[in-house]
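**Q** I'd like to go over a predicted model; first the sequence, then the structure.
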Amino acid sequence: MARMKFLCDAERCIACNGCVTACKNANEPATPWGIQRRRVVTLNEGEPGQKSISVSCMHCTDAPCKAVCPVDCFYTTPDGIVLHNKDQCIGCGYCFYACPFGAPQFPEREAFGSRGKMDKCTFCAGGPLPDNSKEEYEAYGSNRVAEGKLPLCAEMCATKSLLAGDGEVISKIYLKRVMKRGTRPDTWGWERAYMQAL
Amino acid sequence: MNESLLKQARAGKWRSWRALLLTGAVALALCVPLLIPLAVSQAQTSAQGAQTDNPRAGFWREVRHGDVGYTTADTPDADVLIQNGGQNWRQLRNGPIANYGGWLMGIVLVAIAVFLTFRGRIRVEAGPSDMRVIRFSLWQRIVHWFTATTFVILALTGLAIFYGRAVLIPIMGKDAFSVIAMASKQIHNFVGPLFVVAVLMLVVTFIVGNFYERGDIKWLLKGGGMVGKGHVSAGCYNFGEKSWFWLATIAGIVVAGSGLVLDFPNFGQSRELMQLAEMIHAITAVIFIAASFGHIYIGTVGMEGALDAMVKGHVDANWAKEHHDRWYESMDKQGNVKPIGEVEGHRVGQGAQHRTT
Ligand code: SF4
Ligand code: SF4
């Protein structure tokens, strides 16, 4: 069974935000104004050594969001994708406190703790509703994984910086690049998310 | 020589400055072996650095330490790539806070059950009299029950959110619990600010008479009359009541302040602050709830005649003599001890009306 992972090759990311746009496009009804499942962060901007990294939910092995959710609404698919049930979510925000990557998003940010139902990257794998049903699309966005496709963000990445897919396959692609470039592997976020570097 | 010097130092028999200097030199010499591993490890790391020659050696470490970058996303904390606080928060909240909190509340409940079994209800020994002493005004009772009502609502909904996953989901399943949790969250978030008002009113209303005084130590040393026979002298409030007042004040303010941080995410406070606030909130609330078990017990089942004070506003004269003798005497002097017919007429009505709300 494949273990799905994201890997952002920081040597290639040009901060074009194409992945952000692709994600919005693929998951439109579930990501209203104010929700951005994927974002690009540029470190040391304008200085030597500037780097950009595209980040969203990493689908952690021992997911902190899942551990703190008071209603236990997260589940991990056999592919290692961390999904959640919006019908059960109470919008408490705890997953956002716990997540190292700032992945959980909320449609509201109002007084008296009104946040609405949490939304986060689904690895384009929908949610607990029937695969590719209208309800699933409206609540969770597209389910490309059920169609045998990969997340749209990675598929549309112009520089192929953002890799998504079976952890073993993408790490092989990445290692080949590293060897050719003669750089050191920087599997960004992997230690935190998957408790291993490569 | 080394040893003899140390001995001299221990005995405090330093004869001259030379001996002192020598001791210092020896001490420094003793430190050298400690420095060796440090030097070696430093040499090793610099050797490693030279081997791989990575120009951005510190770069990824920085990212792990929550450095801030630039992003077009405008959600809270979007510019932080990796935050470290979440992991600590998760471990403390799910671990020690939940565990010790559960134990604390359980132990207090068991202690109360044991006390009730062996000591039984504290009765008014002289039996009911036909004289009553005015104890709490209508305002005092309103403030008390307003605080009590909001407290109980917040405690139940808060416990559901904190322990429901462990306790209620196995019983009722995730879907049913989600309905309860959703209601709990909403009620908790809206009643919370009312509790803030309640606590402030409680402090202002009851602070008079709740400062500790010398007699309280005696009361404490005698175990408050909880153990053994005989009555312990006390004023209007005894040591236990005063302590509960101060605990409610301090815990109330802490729990209210931390709760407000969590209840109003619209001000854009950081995750770190909310993690901290959540932990302070949970710890304080659990202590507050555990202590409230004792207060609720002694005010109702634990002591005959005590509930009258907060419901009717007046108490039996014999109850007052037995539990608050000094207060009784001063009330007697002020003419506040009245025949039952005189007080029951209007005050019971007010008390009863109040009880139903
Ligand atoms: S990245 Fe965040 S939201 Fe995604 S699985 Fe990990 S902790 Fe959960
Ligand atoms: S916001 Fe929803 S998904 Fe996140 S911890 Fe709370 S209930 Fe769970």
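**A** That came in fine, so what should we check first? Ligands and ions are numbered 1, 2, ... in the order given.

**Q** just checking, B:G224 touches B:H231?
**A** No. B:G224 lies out of contact with B:H231 (Cβ atoms under 8 Å); the separation is 10.2 Å. Heads up, the C-betas are built off the backbone N, CA and C, glycines and all.

**Q** these two: who's more crowded?
**A** B:G224 (17 against 13; other Cβ atoms under 10 Å in any protein chain shown).

**Q** am I right that the more buried one falls within a strand?
**A** No. If the criterion is DSSP: H, G, I helix; E, B strand; the rest coil, then B:G224 is helix and not within a strand.

**Q** and it, how far is that from B:M303?
**A** Remark: distance between B:G224 and B:M303 (Cβ to Cβ, to the nearest Å) = 11 Å.

**Q** the helix or strand bottoming out on mean pLDDT in chain A packs against which elements?
**A** Ranked by mean pLDDT, DSSP states H and E, the helix or strand of chain A with the weakest confidence is helix A:190-194, at a mean of 91. In terms of contacts (3 or more Cβ pairs under 8 Å, 6 or more residues apart in numbering or on different chains; DSSP states H and E), helix A:190-194 is packed against strand A:4-8.

**Q** just checking, what packs against the strand it packs on?
**A** Partner elements for strand A:4-8 (3+ Cβ pairs under 8 Å, 6+ apart): strand A:51-55, strand A:162-166, helix A:167-181, helix A:190-194.

**Q** output the contacting helices and strands for the third one.
**A** Packed against helix A:167-181, as judged by 3+ Cβ pairs under 8 Å, 6+ apart, are the following elements: strand A:4-8, strand A:162-166.

**Q** other residues contacting that helix?
**A** A:2-5, A:7, A:9, A:11, A:80, A:163-164, A:184-185, A:187, A:194, A:198 (Cβ atoms under 8 Å, 6 or more residues apart in numbering or on different chains).

**Q** all strands for the stretch 1-150 of chain B, in order.
**A** Shown for the stretch 1-150 of chain B, the strands assigned by DSSP state E, counting those that start in this stretch span residues B:70-71, B:131-134.

**Q** quick one: is the first one near chain A?
**A** Yes. With Cβ under 8 Å from any Cβ of the partner chain as the measure, strand B:70-71 is seen reaching chain A through B:Y70, B:T71.

**Q** okay, the strands of the stretch 1-150 of chain B in CSV with distance to B:Y212, mean pLDDT and mean neighbour count next?
**A** Formatted as CSV, the strands of the stretch 1-150 of chain B follow (distance: least, Cβ to Cβ, whole Å; pLDDT from 0 to 100; neighbours: other Cβ atoms under 10 Å in any protein chain shown):
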stretch, distance to B:Y212, mean pLDDT, mean neighbour count
strand B:70-71, 55, 91, 20
strand B:131-134, 23, 94, 21
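
**Q** now do the strands in chain A.
**A** Counting by DSSP state E, chain A has strands at residues A:4-8, A:39-43, A:51-55, A:74-76, A:82-84, A:162-166.

**Q** what's the closest of those strands to ligand 2?
**A** strand A:82-84 (5.0 Å; Cβ to the nearest ligand atom).

**Q** let me see the mean pLDDT of that closest one.
**A** The pLDDT scores in strand A:82-84 average 98.

**Q** walk me through which strands it pairs with, and which way each runs.
**A** strand A:74-76 (antiparallel) (DSSP bridges).

**Q** touching the strand it pairs with from outside, list them.
**A** By Cβ under 8 Å, 6+ apart, strand A:74-76 touches A:H59, A:A63, A:C65, A:K66, A:V82, A:L83, A:H84, A:N85, A:C95, A:P128.

**Q** so what's the residue in chain B that ligand 1 sits nearest to up against?
**A** As assessed by Cβ to the nearest ligand atom, ligand 1 sits closest to B:G86 within chain B, at 7.7 Å. By Cβ under 8 Å, 6+ apart, the contact set of B:G86 is A:P64, A:Y97, A:A98, A:C99, A:P100, B:R271, B:Q275.

**Q** do you know the pLDDT at it?
**A** 93.

**Q** now do it against A:P29, distance only.
**A** For B:G86 relative to A:P29 (Cβ to Cβ), the value is 29 Å.

**Q** so which helix or strand of chain B has the lowest pLDDT on average?
**A** Min over SSEs of chain B, mean pLDDT, DSSP H and E: helix B:17-52 (a mean of 48).

**Q** buried among the contacts of strand A:74-76? Make that a PyMOL selection.
**A** Entered in PyMOL, the line below selects the buried ones among the contacts of strand A:74-76, by 16 or more other Cβ atoms under 10 Å in any protein chain shown:
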select buried, chain A and resi 59+63+65+66+82+83+84+85+95
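
**Q** looking at the contacts of strand A:74-76, which is nearest ligand 2?
**A** Using Cβ to the nearest ligand atom, these come closest to ligand 2 at A:C95, 3.2 Å.

**Q** the closest one against A:C65, yeah?
**A** Yes. Assessed by Cβ under 8 Å, A:C95 is found in contact with A:C65 at 3.6 Å.

**Q** pLDDT weak spots in the chain?
**A** This is for chain A. For chain A, applying pLDDT under 70 flags no range at all.

**Q** if you could check chain B rather than the one you did, that'd help
**A** In chain B, residues with pLDDT under 70: B:1-58, B:61-62, B:227-230, B:345-357.

**Q** mind listing the helices for it?
**A** B:2-11, B:17-52, B:59-64, B:85-92, B:98-118, B:138-167, B:169-206, B:215-221, B:239-263, B:271-299, B:307-311, B:317-323, B:325-333, B:340-356 (DSSP state H).

**Q** now do chain A
**A** A:18-26, A:64-68, A:94-98, A:134-140, A:152-156, A:167-181, A:190-194.

**Q** what distance separates the start and the end of stretch A:176-189?
**A** 19 Å (Cα to Cα, to the nearest Å).

**Q** repeat for stretch A:91-110
**A** 12 Å.

**Q** mind listing what's buried along that stretch?
**A** Here stretch A:91-110 shows A:91-107, A:109 as buried, counting by 16+ other Cβ under 10 Å.

**Q** filter those down to the ones near chain B?
**A** Within the buried residues of stretch A:91-110, those near chain B by Cβ under 8 Å from any Cβ are A:91-94, A:96-102, A:105, A:109.

**Q** closest to ligand 1 out of those residues?
**A** A:C99 (3.1 Å).

**Q** ok, that closest one touching A:V68?
**A** No. Assessed by Cβ under 8 Å, A:C99 is found out of contact with A:V68, at 9.2 Å.

**Q** so which of the helices and strands packed on helix A:167-181 is the most packed in?
**A** strand A:4-8 (a mean of 25; mean count of other Cβ atoms under 10 Å in any protein chain shown).

**Q** so what touches that strand?
**A** With Cβ under 8 Å, 6+ apart, strand A:4-8 has contacts from A:53-56, A:58-59, A:79-81, A:123, A:145, A:151, A:154, A:161-167, A:170-171, A:174, A:187-190, A:193-194.

**Q** tally of neighbours for the residue lying closest to A:P78 once chain neighbours are set aside?
**A** The shortest distance from A:P78 to any non-neighbouring residue, by Cβ to Cβ, 6 or more residues apart in numbering or on different chains, is to A:M1 (5.6 Å). A:M1 has 8 neighbouring residues, counting by other Cβ under 10 Å.

**Q** distance-wise, check the residue lying closest to A:R144 once chain neighbours are set aside relative to B:N318.
**A** Nearest in space to A:R144, with sequence neighbours left out and distances taken as Cβ to Cβ, 6+ apart, is A:C124 at 4.0 Å. The gap separating A:C124 from B:N318 is 76 Å, by Cβ to Cβ.

**Q** compare those two and say which is more crowded by neighbours.
**A** Taking other Cβ under 10 Å, A:C124 and B:N318 do not tie; A:C124 has more neighbours (27 against 18).

**Q** which residues does residue 84 contact?
**A** Went with chain A since none was named. A:C65, A:C69, A:C73, A:F74, A:Y75, A:C95, A:M118, A:K120, A:G127.

**Q** the intended chain is chain B.
**A** A:P100, B:R64, B:H65, B:G66.
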